[in-house]
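> Here is a sequence together with a model predicted from it:
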Amino acid sequence: MGARSTAAGCAWWVFGVTAIVIGCGSDQVQPGYYGAMDAAGGGSSSSSSSSSSSSSGGEATGVSSSGGDDASFGEAGTPTSAACNMNGRWLVAQRVLADAIGQTQASHNWFYYEITQNADQVKVTKGLHCGYEVVAVSSLGANVNSQSSWPAFLLYDSDTGRMGTMEVTSSGCQLSIEKRYTVRGATVSFYSDPNNPMPTLSQEASVDGGTPGWETWDPNTTNPGITLTVSEGGSPLGELYCAQRDWNQFDGPVAANSTTFSVPVTWAPDQDALGYSGSSLVTQASVPDSDASQHFAWFAKLDPAQATGTDTEICHAVRSLAPTLTPKALDGETVIAGN
């Protein structure tokens, strides 16, 4: 496996859809048990128990004169206008861009939303986090696979209860979804509060859930936090073990009667690298691309027969449908195999 080291600072930032790497100092990690997932800590956010001009966000396709009500969605409310209607089930594909040592990489995040709208008020009644990947845009950019931790994302991270507005404007509609924090690889209930610093390697969560800290979210390993597999140009570089916290917020214009559209995304990451194996290049510095138009989310209304079943089956369908329903969220980038 190679040397296992810890980083005192932060490494691959992943915003639900973005990976951003920053350099870190390191010391040695001894092999050993790195803690089970803290069900008590993560339970408050459990989704399994709850059940282009991309810069402007104004580009829309799949227009429906009715606003696209989904007859199979039993919790639909009454919007102010049928032309600005978010009631129903949605695939959300988020894409952001990062730059590292002259190279560029994109992060893709996938979500499933069931939304109820009354007047202008929007509520996510079920919000699943279906995983993310990072893919190279430039020739030497990095690819990052987080697939081993996807079941934990689905179990511990949730957008259920997220609020927003869909308002009628003179030019169409305006969608705003509130700022929300996502925690990965650590006690969700504690670190969802941005005033609590993210855990370092010495701060392991207790098995009984009484003490918050990092948790092992990859069921196939004993690595701390989540496990990210990093490669470059088809060649493996190593693995990064980290705890992450990031926030995102959606806000932008939407054409009237749209069932597929994009809105701009704002976001910020916070992360502690807990260790790595292989090449230290997995901790090379990276920053978000300065072009705000490169950070956006595409929403696509799902038909009644699409993305149904258990939460795991829904997320598998969301990842499979995203390249077809929201191709501009990929922006020409290649999806990592196995998604």
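Alright, I've got the coordinates.

> need the helices for the protein, in chain order.
Counting by DSSP state H, the chain has helices at residues 39-42, 150-156, 188-191, 311-325.

> okay, those in TSV with mean neighbour count, distance to Arg89 and mean pLDDT next?
C-betas here are computed from N, CA, C, even on glycine. Output for the helices of the chain, formatted as TSV (neighbours: other C-beta atoms under 10 Å; distance: least, C-beta to C-beta, whole Å; pLDDT from 0 to 100):
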stretch	mean neighbour count	distance to Arg89	mean pLDDT
helix 39-42	20	25	38
helix 150-156	23	16	96
helix 188-191	22	24	96
helix 311-325	19	9	97
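
> Which one, of those helices, ends up nearest to Thr221?
Nearest to Thr221, of all the helices of the chain, is helix 150-156, at 11.7 Å by C-beta to C-beta.

> The closest one: how far from the chain's middle?
Mean-position distance between helix 150-156 and its chain equals 11 Å (C-alpha atoms, centre = their mean, to the nearest Å).

> And for stretch 262-272?
What separates the centre of stretch 262-272 from the centre of its chain is 9 Å, taken as C-alpha atoms, centre = their mean.

> Give the buried residues for it.
Buried residues in stretch 262-272, counted by 16 or more other C-beta atoms under 10 Å: Ser262, Val263, Pro264, Val265, Trp267, Pro269, Asp270, Gln271, Asp272.

> so the first one sits right up against Phe296, yeah?
To tie it back to what came earlier, the one meant is Ser262. Yes: between Ser262 and Phe296 there is a contact under C-beta atoms under 8 Å: 5.0 Å.

> Relative to Glu75, which of the helices of the chain is closest?
Nearest to Glu75, of the helices of the chain and by C-beta to C-beta, is helix 311-325 at 16.1 Å.

> In terms of secondary structure, what does the closest one contact?
Contact here means 3 or more C-beta pairs under 8 Å, 6 or more residues apart in numbering; DSSP states H and E; on that basis helix 311-325 packs against strand 88-100, strand 103-118, strand 121-136, helix 150-156.

> Just the angle for the third one relative to strand 88-100, thanks.
Looking back up the chat, that one is strand 121-136. Relative orientation of strand 121-136 versus strand 88-100 (axes from the mean of the first three to the mean of the last three C-alpha atoms, to 10 degrees): 40 degrees.

> And for Val137, nearest residue in space, chain neighbours not counted?
Thr104 (4.1 Å; C-beta to C-beta, 6 or more residues apart in numbering).

> thinking again about what came up before, turn the helices and strands packed on helix 311-325 into CSV, including distance to Ala307.
Formatted as CSV, those follow (distance: least, C-beta to C-beta, whole Å):
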stretch, distance to Ala307
strand 88-100, 7
strand 103-118, 6
strand 121-136, 10
helix 150-156, 13
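
> Asp289 is nearest to which of those?
Ranking these by proximity to Asp289 (C-beta to C-beta) places strand 88-100 first, at 3.9 Å.

> pLDDT averaged over that closest one - what is it?
What strand 88-100 shows for mean pLDDT is 89.

> Indicate each strand paired with it and its parallel or antiparallel sense.
As defined by DSSP bridges, the strand partners of strand 88-100 come to strand 103-118 (antiparallel), strand 287-288 (antiparallel), strand 296-301 (antiparallel).

> deepest of these, which one?
Across the strands paired with strand 88-100, averaging neighbours per residue (mean count of other C-beta atoms under 10 Å) puts strand 296-301 on top, at a mean of 26.

> Please state the offset of that strand from the chain centre?
13 Å.

> now do stretch 120-140
With C-alpha atoms, centre = their mean as the basis, stretch 120-140 stands 4 Å off its chain's centre.
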